[in-house]
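Colleague: Requesting a structural model of the entry that follows:
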Amino acid sequence: MPSIYVALVLLLTLCCFTQPAFAEKWLGPTDGPIKQTKKSIVFLSHDLQNSGPTLVYRGLEKAARILDWKITIVNGKGDTKNINDAFMEIIKRKPDAIVLGAFQEDMVARLIPLAKQANIVLVGWHAAAIPGPTPNLFVNVATNPIDVAKMIAEYVIHDSKEKAGVIIITDNHYAVAKEKAIRIKASIEACKTCKVLSIEDVSISLTDKLIDDFVIRMNQIHGSAWTYTLAINDLYFDVMNIPLIKIGRPDIRNVSAGDGSSTAISRIKAGKSQQIATIAEPLFLQGWQLADELNRAFAGKPPSGFVSKPILVTKQVLNRLNGKEIESDIPYKEAYTAIWKNGVAK
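Modeller: This next block holds a predicted model:
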């Protein structure tokens with residue numbers, strides 16, 4: 001007899017995982033200020049090697065055209081000194097706003113007072129552990145780590161038939177990554193017959209250099225108990241397949257908790273990788289949300305309070321989408337465009 005827990009997971013799987021995991025009804029803001037034009041925005045990305053902030057920027061860039069804003073992007077190249085130097089140069093240019101793209105606000109803590117003195121609005125994408133306002137940011141845009149952890153855990157518990165032996169990969173440079181890892185561990189441990197073998201800190205920017213040794217070391221320590229790898233970013237799985245094959249472990253199943261890169265989605269759709277799923281962020285939507293939150297700040301209004309939902313992406317979901325973008329059924333463009341034009345969503 002299946003346990004009550006298994007039955008609950010199966011129910012959740014049938015209602016949530018067999019359908020595309022995005023909402024067809026708009027769940028975001030339905031009113032707000034009309035567009036505040038002629039603004040200049042700089043998006044400072046931690047590292048453009050990470051496709052997450054790049055895709056968010058593309059969404060923001062498209063929204064900025066509608067709002068009649070000038071927007072530019074700067075690559076921090078994954079280096080703290082580069083990011084601080086770039087941040088200082090951006091302040092000197094006196095834009096109306098700076099977006100912190102995938103790095104923590106404390107990385108530029110000594111420069112934030114200078115930005116505030118210059119009346120520059122600061123917002124973030126994955127710049128804090130949780131979404132919403134922070135003491136220094138008008139708002140941080142992200143999904144809720146609790147939602148992500150719950151979704152990935154339910155999927156893996158069901159996929160493993162309650163027998164998952166999990167290694168979690170995180171990057172402690174990012175508060176949101178640490179928070180996700182903690183939440184994922186707790187969610188997996190709710191399954192009494194599953195086991196979290198370890199949480200490993202592996203720098204995203206050094207993945208290609210570290211992953212071979214990492215795979216060998218984890219297999220030596222955990223052996224056949226290691227059946228699933230859960231990572232906070234798809235980049236780890238860009239380079240993990242070959243090392244796993246080399247050590248004779250094609251059985252290990254990999255699932256990412258962000259961001260849903262185009263490369264990851266392609267390999268999941270092809271079904272030829274050991275990555276079987278990703279819990280994607282709605283990246284283009286979040287770019288538009290950044291634009292809306294900035295528009296509210298420029299109008300002297302509070303943040304919207306909206307937190308977007310993560311999207312479970314599997315081969316089955318992608319087959320049903322039949323080539324459409326994973327966010328294609330979310331009417332965010334229509335809603336935000338209507339708000340900026342009329343003050344209300346249609």
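Colleague: So in the chain, where's the weakest helix or strand by average pLDDT?
Modeller: helix 4-12 (a mean of 41; mean pLDDT, DSSP states H and E).
Colleague: Buried residues, the next helix or strand along the chain from it. List them.
Modeller: Where DSSP states H and E defines the elements, the next helix or strand beyond helix 4-12 is strand 40-45. By neighbour count on 16 or more other Cβ atoms under 10 Å, the buried set for strand 40-45 is 41-45. No exception for glycine: its C-beta is placed from N, CA and C like everyone else's.
Colleague: With pLDDT and distance to Ile311 as new columns, can those residues be given to me in CSV?
Modeller: Converted to CSV, the buried residues of strand 40-45 look like this (pLDDT from 0 to 100; distance: Cβ to Cβ, whole Å):
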residue, pLDDT, distance to Ile311
Ile41, 98, 26
Val42, 98, 28
Phe43, 98, 23
Leu44, 98, 26
Ser45, 97, 22
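Colleague: between the residues you listed, which is nearest Lys77?
Modeller: Nearest to Lys77 among these is Ser45, at 9.0 Å by Cβ to Cβ.
Colleague: hey, what's that closest one bridged with?
Modeller: Asn75, Gly101 (DSSP bridges).
Colleague: Excluding residues flanking it in the chain, which one is nearest the spatially most central residue of the chain?
Modeller: By Cα atoms, centre = their mean, the chain has its centre lying nearest to Asp259, at 3.9 Å. Nearest residue to Asp259 in three dimensions, chain neighbours excluded: Gly52, at 3.6 Å (Cβ to Cβ, 6 or more residues apart in numbering).
Colleague: pretty sure that neighbour contacts Ala280?
Modeller: No: at 9.7 Å, Gly52 and Ala280 do not qualify as touching, with contact defined as Cβ atoms under 8 Å.
Colleague: Touching both of these two, which residues are there?
Modeller: 258-259 (Cβ atoms under 8 Å, 6 or more residues apart in numbering).
Colleague: re earlier: quick one: residues contacting the residue nearest to the centre of the chain.
Modeller: So, once contact is read as Cβ under 8 Å, 6+ apart, Asp259 ends up touching 50-52, 55, 233-234, 280-281, 283.
Colleague: Return the subset of those lying in helices.
Modeller: Taking DSSP state H, the ones among those that sit in helices are 51-52, 55, 283.
Colleague: what's the closest of those residues to Ile204?
Modeller: Distances from Ile204 to the ones in helices among the contacts of Asp259, taken by Cβ to Cβ, are shortest for Gly52, at 9.9 Å.
Colleague: returning to what we had before: closest one to Val156 out of the buried residues of strand 40-45, please.
Modeller: Checking those one by one against Val156 (Cβ to Cβ), the nearest turns out to be Ser45, at 30.1 Å.
Colleague: Please name the residues that touch the closest one.
Modeller: Ser45 makes contact with 53-54, 57, 73-76, 101-102, according to Cβ under 8 Å, 6+ apart.
Colleague: distance of it from Gly52?
Modeller: From Ser45 across to Gly52, the span is 9 Å (Cβ to Cβ, to the nearest Å).
Colleague: okay if I get the buried residues of strand 40-45 as a markdown table plus distance to Ala129?
Modeller: Shown next, in a markdown table, are the buried residues of strand 40-45 (distance: Cβ to Cβ, whole Å):
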| residue | distance to Ala129 |
| --- | --- |
| Ile41 | 24 |
| Val42 | 24 |
| Phe43 | 21 |
| Leu44 | 19 |
| Ser45 | 19 |
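Colleague: Mind picking the two most distant members of the residues you listed?
Modeller: Ile41 and Ser45, at 12.9 Å, using Cβ to Cβ across these.
Colleague: Val56: neighbour count?
Modeller: Using other Cβ atoms under 10 Å, Val56 has 29 neighbouring residues.
Colleague: Now it: closest residue in space, sequence neighbours ignored.
Modeller: Gly287 is the one closest to Val56 (Cβ to Cβ, 6+ apart), at 4.6 Å.
Colleague: So that neighbour is in contact with Gly59, correct?
Modeller: Yes: at 2.1 Å, Gly287 counts as touching Gly59 under the criterion of Cβ under 8 Å.
Colleague: Quick check on those two: which one has the bigger neighbour count.
Modeller: Neighbour count, other Cβ under 10 Å: between Gly287 and Gly59, Gly287 has more, with 25 against 22.
Colleague: can you tell me the helix or strand for the more buried one?
Modeller: Going by DSSP H and E, Gly287 is in helix 283-298.
Colleague: same for that helix, what does it pack against?
Modeller: helix 51-67, strand 97-101, strand 121-125, strand 140-141, helix 332-342 (3 or more Cβ pairs under 8 Å, 6 or more residues apart in numbering; DSSP states H and E).
Colleague: pLDDT of it, averaged?
Modeller: Helix 283-298 comes out with an average pLDDT of 98.
Colleague: And that helix, what's buried?
Modeller: 283-298.
Colleague: cool, and stretch 161-176?
Modeller: Going by 16+ other Cβ under 10 Å, stretch 161-176 has these buried residues: 162, 164-171, 173-176.
Colleague: now for those, which pair is the farthest apart?
Modeller: Counting by Cβ to Cβ, the most remote pair of these is Glu162 and His173, 33.1 Å apart.
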